[in-house]
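>>> Okay, predicted coordinates and the sequence, questions at the end:
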Amino acid sequence: MSSIKFNPGLLTTAFGALGLLAACSGDPDSPGLEYMPDMYRSPAVEAYVDYGQDPYYFGDSLTSAQRATPSARLPVEGTIPFAGSEADAAFNFPYPYPHTPEGYEQAGLELHSPIAMTEATVEQGKVIYEKFCVECHGAKGKGDGPVVAKGNYPPPPAYDGAQLKNLPEGKIFHSITYGRNIAMGSHASQLNHKERWLVVQYVKYLQNGGNMTAAPVAPDTVAQAK
Ligand code: HEC
């Protein structure tokens, strides 16, 4: 006599069929039973929305739920973004010089480009320059861009003129990062550190009258030029 064996497959099928039947309903508009509604309708967490932010309009329970909802968060202190190659990660270290006259001078003395000037880097810098700087500084860095030519904006000094010819690369980087006086705004949100150094290369190229620089500009010559 053969005994009836426990068949797990059969049991699953039976439960499945039961589940299917239970999901049916007379109302054609009803979605039926939803076993895991979170999977059909996932809560949409928007990036860059601070869910813990005041003011709250929707009552306390929603507020406390939202406070616990992770959205874009500040990076953990002491960490730097790492993307792409290891060499590029070094560009993400925080900029150490404060936005003060002393920080500016110090950057001029100590800060040097990690990128050696080659024709390729000058070319990359030119692409950035023509997007972000040319409208004020002009194609050759003479301070005659279209914004200035219209007459409503103070002309920047020419890169190869007495005031800026010997401006060291650290100060160029500093001014791109924080802006310069009231006439030039900060470009820190548009250009990452690598892009800033690349555009610095192009400024140096224009300082040198549109030629590759033979040697780095000595930092202390600027004070004399001013
Ligand atoms: C809105 C117009 C404008 C734009 C855009 C602009 N600049 Fe300037 N820039 C100026 C003006 C005006 C000055 C002179 C500021 C001063 O000395 O008061 C200046 C000054 C500078 C200086 C000299 C800074 C110093 O330390 O004396 C450098 C270098 C420079 N700009 C580079 C750039 C680069 C590179 C870009 C693009 C990433 C750029 N600028 C975009 C208007 C602009």
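The structure has been received and is ready for your questions.
>>> and the gap between residue 30 and the ligand?
60 Å (C-beta to the nearest ligand atom, to the nearest Å). All C-beta atoms are positioned from the backbone trio N, CA, C, and that covers glycine.
>>> residues in contact with that residue?
With contacts defined as C-beta atoms under 8 Å, 6 or more residues apart in numbering, residue 30 is in contact with no residue.
>>> for this protein, what are the low-confidence residue spans?
Where the chain drops to pLDDT under 70, the residues are 1-6, 8-25, 42-43, 49-59, 62-70, 214-226.
>>> how about 90 then?
In the prediction, the chain carries residues with pLDDT under 90 at positions 1-90, 92-94, 151-153, 211-226.
>>> Okay, domains of it per the record?
As assigned by automatic domain parsing, the chain contains the domains 37-73, 86-225.
>>> Could you export those as TSV, including mean neighbour count and distance to the ligand?
As requested, the domains of the chain are arranged in TSV below (neighbours: other C-beta atoms under 10 Å; distance: least, C-beta to the nearest ligand atom, whole Å):
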stretch	mean neighbour count	distance to the ligand
domain 37-73	10	25
domain 86-225	16	3
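>>> With distance to residue 29 as added columns, please give those domains in a markdown table.
Rendered in a markdown table, the data for the domains of the chain read as follows (distance: least, C-beta to C-beta, whole Å):
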| stretch | distance to residue 29 |
| --- | --- |
| domain 37-73 | 16 |
| domain 86-225 | 49 |
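>>> Export the helix or strand harbouring residue 107 to CSV, keeping only CA atoms.
Using DSSP states H and E, residue 107 sits in helix 101-110. Output for helix 101-110, consisting of C-alpha atoms alone and laid out as CSV, is shown next (Å, rounded to 0.1, in the frame of the first residue of the first chain):
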residue,chain,number,x,y,z
PRO,A,101,43.0,89.0,2.4
GLU,A,102,45.4,86.8,4.3
GLY,A,103,44.0,83.6,2.8
TYR,A,104,44.4,85.2,-0.7
GLU,A,105,48.1,86.1,0.0
GLN,A,106,48.8,82.7,1.5
ALA,A,107,47.3,80.9,-1.5
GLY,A,108,49.5,83.0,-3.8
LEU,A,109,52.6,81.9,-1.9
GLU,A,110,51.8,78.3,-1.2
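>>> Now find how far off-centre the next helix or strand after it is within its chain.
Past helix 101-110, further along toward the C-terminus, the next helix or strand under DSSP H and E is helix 119-132. For helix 119-132, the separation from the chain centroid amounts to 18 Å (computed by C-alpha atoms, centre = their mean, to the nearest Å).
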